[in-house]
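Asker: Quick one: sequence plus predicted model below, questions after.
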Amino acid sequence: MNPHRTQRIAFSFLFAANLLIVALVVVIVVIIVQKGLPAITWQFLSDVPRQGMRAGGIFPAIIGTLYLVAGAIVFALPIGLLAAIYLSEYAKDNILTRLIKLAIVNLAGVPSVVYGLFGLALFVVFFKFGVSILSGSLTLGIMILPLIITASREALESVPQSFREVSLSLGASKWQTIRHIVLPNAIPGILTGTILGLGRAAGETAPILFTVAAFYLPQLPRSIFDQAMALPYHLYVISTQVPNVDEKIRYGTAFVLLALVLTMNLVAIIIRYKFRMKKKW
Amino acid sequence: MVIFKVESLDVRFGAIHALKGVSIDVEPNEILSVIGPSNSGKSTFLRTLNRMNDLQPHYRMSGTVAFEGQDIRTLDVESLRRRVGTVYALPLPLPLSIFDNVAYGARMHGLKNRTKVAERVEAALRQAYLWDEVKDRLLESAFKLSGGQQQRLCIARTLAVEPEVILFDEPCSGLDPISTAKVEEAMLKLKKEYTIVLVTNNVMQAARVGDRTAFFLSGELIEIGVTDRIFTAPRDKRTEGYISGKFG
């Protein structure tokens, strides 16, 4: 076969692979929107589930998910950012640092159901937080920690070394340099990583299964020690555990969850785009 | 009083022996030009003076460097760098406005009063011959300035910290002849108040502005003396060869 021919074949395979990915996303979104959108009414979004979750709305699940995501970020962002600053600015390249980096990579690969069991053992049982928003948030927080650390580290390391050197040469201390030069220029990247982490936390079922999720709780949680409903678990329940739930309600719930996650990703993309336009170097 | 007293300075980066037994005195209010081909150790010498080499991996030094009588290793590194400023080869503005670039160092050293900061910024920009060009656009990003303006901004930024010594590391290597002339003019005025060490790849620049000139080759100080003497009657064949353009 002549090289032009092989090139064309290779090219079409490469292109087809991409086409397949785009097609999958489009199909998923189209099906969910088509079947879910008709269910979206003000009542569906603002009412509690009724008649054994076969009618009414999903308001407690939406609120529960928002609480969990907020709780996870309150926990994971400060710790993740501090760890990232240490790794990118202070840590010397030695065995300890390499071990830490290895641990982070491995943490990212742990299956989410394992995080769920871990959260059950540590937060629910050992710390006696019970099955609660607190336990669920902490579990989700640990799960997205590696994501936030990695994204923050990349953002910090993308700030040119020369800026640090100039700042130090003017007699600024290392911490002043980080605080005034490195961090402000890394914030968009950190923010993007954080929002992607939020999206991940919002969509996971396994980590909240044993730590917070309520099967059916037609009221809003009153404190962080209460159980809560959450969208992904609610979707699982009405799809498999409760018979005769209208398809419209199931797809409506899926639509809301998908919209929530995609909106977060969209915000992350917009931030990144805006920053790229404004980037000064 | 001698500003820098460097005695048998040896610098290594891992296996690379960058400086070999260099001894130099830097006198107050002089421009000391340091010339030599690339990899001769002249920038390493400069970076040793305000301990910027400390940031390099595998850096080791022996011998002594005394700044106004005090061993630089015993000085607080932040105050050493405040008193010994640097201007680099490439203009490196910080990602801040023109005003904030110049104010940065002073602010980091605790200058808070707004009027005082503004005064300091204006004085530094005037000293660097940049004030008239930027006075109406102080809040714009420093990256909007031309290359030559950026380099003068970097000089102003160093001056605003009120150092005693300014180290210039090939400050004109990226500039056109007119911008170069402006920077040289600034240097000549500055030496009344500051001590200047100028590392340059441009032999003619050393001849134009240096009071004394030092010639480095492969990490060794070959010759140092009054600039006129170095350029008219070099004692070492290698110095003669370099300044007459036979090698390097």
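Answerer: Thanks, I have it.
Asker: Secondary structure element for B:Ser23, which one?
Answerer: Following DSSP states H and E, one finds B:Ser23 within strand B:16-26.
Asker: how about the residues of the stretch 101-250 of chain A near chain B?
Answerer: When proximity is defined by CB under 8 Å from any CB of the partner chain, the stretch 101-250 of chain A lies next to chain B at A:162-163, A:165-173, A:176, A:180-181, A:185. Where you see a C-beta, it was placed from the backbone N, CA and C, and this is true even at glycine.
Asker: What is the strand holding B:Ser23 packed up against?
Answerer: Applying 3 or more CB pairs under 8 Å, 6 or more residues apart in numbering or on different chains; DSSP states H and E, one finds that strand B:16-26 makes contact with strand B:4-13, helix B:42-49, strand B:59-67, strand B:220-226.
Asker: and the next element down the chain from the helix or strand of chain B with the lowest mean pLDDT?
Answerer: Every helix and strand in chain B was compared by mean pLDDT, DSSP states H and E; the lowest is helix B:177-190, with a mean of 88. Using DSSP H and E, the helix or strand that follows helix B:177-190 towards the C-terminus is strand B:195-199.
Asker: So what touches that next one?
Answerer: Outside strand B:195-199, the residues that touch it by CB atoms under 8 Å, 6 or more residues apart in numbering or on different chains are B:3-4, B:26-34, B:42-43, B:45-46, B:49, B:164-171, B:187, B:190, B:205-206, B:209-210.
Asker: Quick check: PyMOL command selecting the buried ones in these.
Answerer: In PyMOL syntax, the buried subset of these is picked out as below (16 or more other CB atoms under 10 Å in any protein chain shown):
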select buried, chain B and resi 3+4+26+30+31+32+33+34+42+43+45+46+49+165+166+167+168+169+170+171+187+190+205+206+209+210
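Asker: can you tell me how far the residue lying closest to A:Pro232 once chain neighbours are set aside sits from A:Tyr236?
Answerer: In space, and not counting its chain neighbours, A:Pro232 is closest to A:Thr205: 4.2 Å by CB to CB, 6 or more residues apart in numbering or on different chains. From A:Thr205 over to A:Tyr236 the distance is 6 Å, taken as CB to CB, to the nearest Å.
Asker: again, but for B:Asp54
Answerer: Remark: distance between B:Asp54 and A:Tyr236 (CB to CB) = 57 Å.
Asker: Next: B:Asp132.
Answerer: In terms of CB to CB, B:Asp132 sits 70 Å off from A:Tyr236.
Asker: again with A:Arg222
Answerer: Taken as CB to CB, the span from A:Arg222 to A:Tyr236 is 25 Å.
Asker: out of the two, which sits in the busier spot?
Answerer: Shown here are A:Arg222 and A:Tyr236; by other CB atoms under 10 Å in any protein chain shown, A:Tyr236 has more neighbours (15 against 7).
Asker: Could you tell me which of the residues of the stretch 101-250 of chain A next to chain B count as buried?
Answerer: A:163, A:165-172, A:176, A:180-181, A:185.
Asker: Show me the two of those that sit farthest apart.
Answerer: A:Gly171 and A:Asn185 (20.2 Å; CB to CB).
Asker: sec struct for the nearest residue to B:Lys144 once chain neighbours are set aside, please.
Answerer: Spatial nearest neighbour of B:Lys144, chain neighbours left out: B:Arg137 (7.8 Å); criterion: CB to CB, 6+ apart. Secondary structure state of B:Arg137, per DSSP: H, G, I helix; E, B strand; the rest coil, is coil.
Asker: Does B:Arg137 touch B:Ser97 like I think?
Answerer: No: contact criterion CB atoms under 8 Å: B:Arg137 and B:Ser97 do not qualify, at 9.1 Å.
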